[in-house]
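S.K.: turn this into a structure:
(2 chains)
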Amino acid sequence: MSATINPEKAPTATASGLPIRRTMPAVRARRPQTATWVPPMLVSLVLLGLWYAVSYLVLDEKRRFLMPPPDQVVTKGFLDPDVLGEILASLGQTAAVALAGLAAAIVIGMAWGIAMSQARWIERSLFPYAVILQCIPILALVPLIGFWFGFDFFSRTVVCVMIALFPVVSNTLFGLQSADRSQLELFRLQNASRWTVLAKLQLPAALPAVFAGMRISAGLAVVGAIVGDFFFRRGAPGIGSLISNYQSRVESAELFAAIITASLFGVVIFWLFGSIAKLVVGAWYDVDAR
Amino acid sequence: MTATQAAAPPATQDEARTLLDFQDVEMTFPNGTVALSGVDLTVREGEFVTVVGPSGCGKSTLLRIASGLESSSHGTVSIATSRIGYVFQDATLLPWRNVRANVELLAELRKAPRAVRSQKAREAIDLVGLKGFEEHLPRQLSGGMKMRASLARSLTLDPELFLFDEPFGALDEITRERLNDELLRLFAERRFAGLFITHSVSEAVYLSTKVVVMSGRPGAIVRTFDVPFPIPRDPDIRFTPEFAALVGDVSHALREGHH
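M.R.: All right, here's what the predicted structure looks like:
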């Protein structure tokens, strides 16, 4: 029997012309690590060069505070233990808000998406509001949210959720609807219940799209937390408040350090979700996690 | 386990139980398209009926009505069994499940106990020649192997009536011939009744005990041919003049019915 089986692209020609047998088809050729890292490194070198050029060539000494050179950002910002401590403490606060907001956005967004997938009329009733939510100028709403919910952790989380919600909603819905018609019929032929279809077919099929949505939302949640900080000054200061403090004190090196830290945090969250997605669905779906 | 069934002499057509019976079946879609009109068709125990026809002649609709996925707009459809296997055009494997879990799916949906479904899956995987590939994910399988897994999945239901919707249409010629042989072997061993949709005349003649030719728009049965070659069937039968003559007759009928 096994003689009749021919795994796709099993024999692969090597450089010497000898066929080798692969145990499983290679899905994507693994690039060497250098190829992945060298181009962005080169770009960052170019950007650093441009930065120095602006600091030293474009700006005279009196106006150099507008764009302090990178080494000052490092020495005044990251290497000064007081400043670094301040930045990390406020980053911790922002991270707590961002993660709480993201978690809430994932739960609410998935529930919203699942509800819409259950019936056309639910989708038609609820989808416009997801779009409207996406289009509302959140900045304009933030003061109102403060009036309604106070100026503390909860309000910051609410802002975060409003900014981060849409990608989870739309990707969950899209993912749930991505199950093939014939796969749905396969379940229907066995009289599978709506919940069985959801649990065993639609949700697993939706996972790649859901993760892609979460990844976008994760970046947005960080933005949302910082925006919240800017407006709600009560409670422990987050990195948004810190940025606005540095700004008012014209401490531009520290300001740059804080901005860079906030961005790095966003990148880390983005990368983290890519990795989780790869871990969960990478075996059967090509996740683009970099 | 099927040895006794296989050894039993095939019942003659008169006394064999009718598993599927279409009487004057008509299918009109909501947009007014008449997909089927006046279709009479029976599939009895021990029969393997193949329906050939041009694309869009409603042969898939026929199968969808037989499976209960759609209901006819006119006429009577009687089905004498609940053990129906359905093989789709594509393998419809769930990409996140390995071969074993995919094959277990239908028994799982029917809430069979774990021990029973793993036993059934093991047998079915052996039967289609996928032993050793239980842990593979669908993406690691060739098109032919995916189809084997799909067949195995339906076999776990011990179907009395097996419906096939152009299952091998997307495969290359060599894989297709191999799977045709496999299917004939399964048919000889398991003695399910089959209703097979295809647009390949030689596949139809090779696989079946009866070939039904359909015309296009609206789909209607033009002619029915009995295939006299014995089962189990020798693969070399395909190269005999008798086989070629029958293929020729079916092709003629197909062309006449195709306006």
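
S.K.: check which helix or strand covers residue B:37.
M.R.: strand B:34-44 (DSSP states H and E).

S.K.: packing partners for that strand?
M.R.: Using 3 or more C-beta pairs under 8 Å, 6 or more residues apart in numbering or on different chains; DSSP states H and E, the elements in contact with strand B:34-44 are strand B:18-28, helix B:59-67, strand B:193-198, strand B:220-226. In this view, the C-beta of every residue, glycine as well, is placed from N, C-alpha and C.

S.K.: minimum distance to residue A:203: which of those has it?
M.R.: helix B:59-67 (25.4 Å; C-beta to C-beta).

S.K.: output the below-cut-off pLDDT ranges for chain A.
M.R.: A:1-33, A:288-290 (pLDDT under 70).

S.K.: all helices of it, in order?
M.R.: A:33-53, A:70-72, A:81-118, A:120-135, A:138-149, A:153-176, A:181-189, A:194-197, A:203-231, A:239-248, A:252-281 (DSSP state H).

S.K.: cool, and chain B?
M.R.: Going by DSSP H, chain B shows helices at B:3-7, B:59-67, B:99-109, B:114-127, B:143-155, B:173-190, B:201-207, B:241-257.

S.K.: pLDDT averaged over stretch B:51-68 - what is it?
M.R.: What stretch B:51-68 shows for mean pLDDT is 86.

S.K.: stretch B:84-91 too?
M.R.: Mean predicted confidence for stretch B:84-91 is 91.

S.K.: coming back round to it: turn the helices of chain A into CSV, columns for mean neighbour count and distance to residue B:201.
M.R.: As requested, these are arranged in CSV below (neighbours: other C-beta atoms under 10 Å in any protein chain shown; distance: least, C-beta to C-beta, whole Å):
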stretch, mean neighbour count, distance to residue B:201
helix A:33-53, 11, 52
helix A:70-72, 16, 75
helix A:81-118, 19, 43
helix A:120-135, 13, 42
helix A:138-149, 14, 64
helix A:153-176, 24, 41
helix A:181-189, 17, 25
helix A:194-197, 13, 38
helix A:203-231, 24, 37
helix A:239-248, 20, 72
helix A:252-281, 18, 43
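
S.K.: residue numbers of chain B in contact with chain A?
M.R.: Residues of chain B found near chain A (C-beta under 8 Å from any C-beta of the partner chain) are B:67-69, B:84, B:86, B:88-90, B:92, B:94-96, B:105-106, B:108-110, B:129-133, B:136-145, B:175, B:178, B:182.

S.K.: coming back round to it: how about the helices of chain A in CSV, adding distance to residue B:60?
M.R.: Shown next, in CSV, are the helices of chain A (distance: least, C-beta to C-beta, whole Å):
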stretch, distance to residue B:60
helix A:33-53, 47
helix A:70-72, 66
helix A:81-118, 27
helix A:120-135, 25
helix A:138-149, 50
helix A:153-176, 26
helix A:181-189, 11
helix A:194-197, 22
helix A:203-231, 23
helix A:239-248, 59
helix A:252-281, 32
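
S.K.: between these, which one is closest to residue B:221.
M.R.: helix A:181-189 (24.8 Å).

S.K.: run through the stretch 1-150 of chain B and note the low-pLDDT ranges.
M.R.: Using pLDDT under 70, the stretch 1-150 of chain B drops low at B:1-15.

S.K.: picking up where we left off before, need the winner for burial among the helices and strands packed on strand B:34-44.
M.R.: strand B:193-198 (a mean of 26; mean count of other C-beta atoms under 10 Å in any protein chain shown).

S.K.: now do the strand holding residue B:37 against strand B:193-198: the angle between them, please.
M.R.: 150 degrees (axes from the mean of the first three to the mean of the last three C-alpha atoms, to 10 degrees).

S.K.: now the angle from strand B:34-44 to strand B:18-28?
M.R.: Using the same axes, to 10 degrees: strand B:34-44 against strand B:18-28 is 170 degrees.

S.K.: between strand B:34-44 and strand B:220-226, how big is the angle?
M.R.: Using the same axes, to 10 degrees: strand B:34-44 against strand B:220-226 is 20 degrees.

S.K.: follow-up on the earlier one: can you select the buried ones from the residues of chain B next to chain A in PyMOL?
M.R.: To isolate in PyMOL the members of the residues of chain B next to chain A that are buried, counting by 16 or more other C-beta atoms under 10 Å in any protein chain shown, one can use:
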select buried, chain B and resi 67+69+84+86+88+90+92+94+95+96+105+106+108+109+129+130+133+136+137+138+139+140+141+142+143+144+145+175+178+182
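
S.K.: flag every residue of the stretch 101-250 of chain A that's near chain B.
M.R.: Counting by C-beta under 8 Å from any C-beta, the stretch 101-250 of chain A sits next to chain B at A:180, A:182-183, A:185-192, A:196, A:200-201, A:204-205, A:207.

S.K.: report the contact partners of residue A:167.
M.R.: A:109, A:213, A:214, A:216, A:217, A:220 (C-beta atoms under 8 Å, 6 or more residues apart in numbering or on different chains).

S.K.: can you verify my assumption that the third one contacts residue A:168?
M.R.: What that stands for is residue A:214. Yes. Applying C-beta atoms under 8 Å, one finds residue A:214 in contact with residue A:168, separated by 6.2 Å.

S.K.: what sits in contact with each of the two?
M.R.: What both residue A:214 and residue A:168 touch, as defined by C-beta under 8 Å, 6+ apart, is the set residue A:106.

S.K.: for the helices and strands packed on strand B:34-44, which one sits closest to residue B:123?
M.R.: strand B:193-198 (19.4 Å).

S.K.: low pLDDT regions in the stretch 151-259 of chain B?
M.R.: B:258-259.
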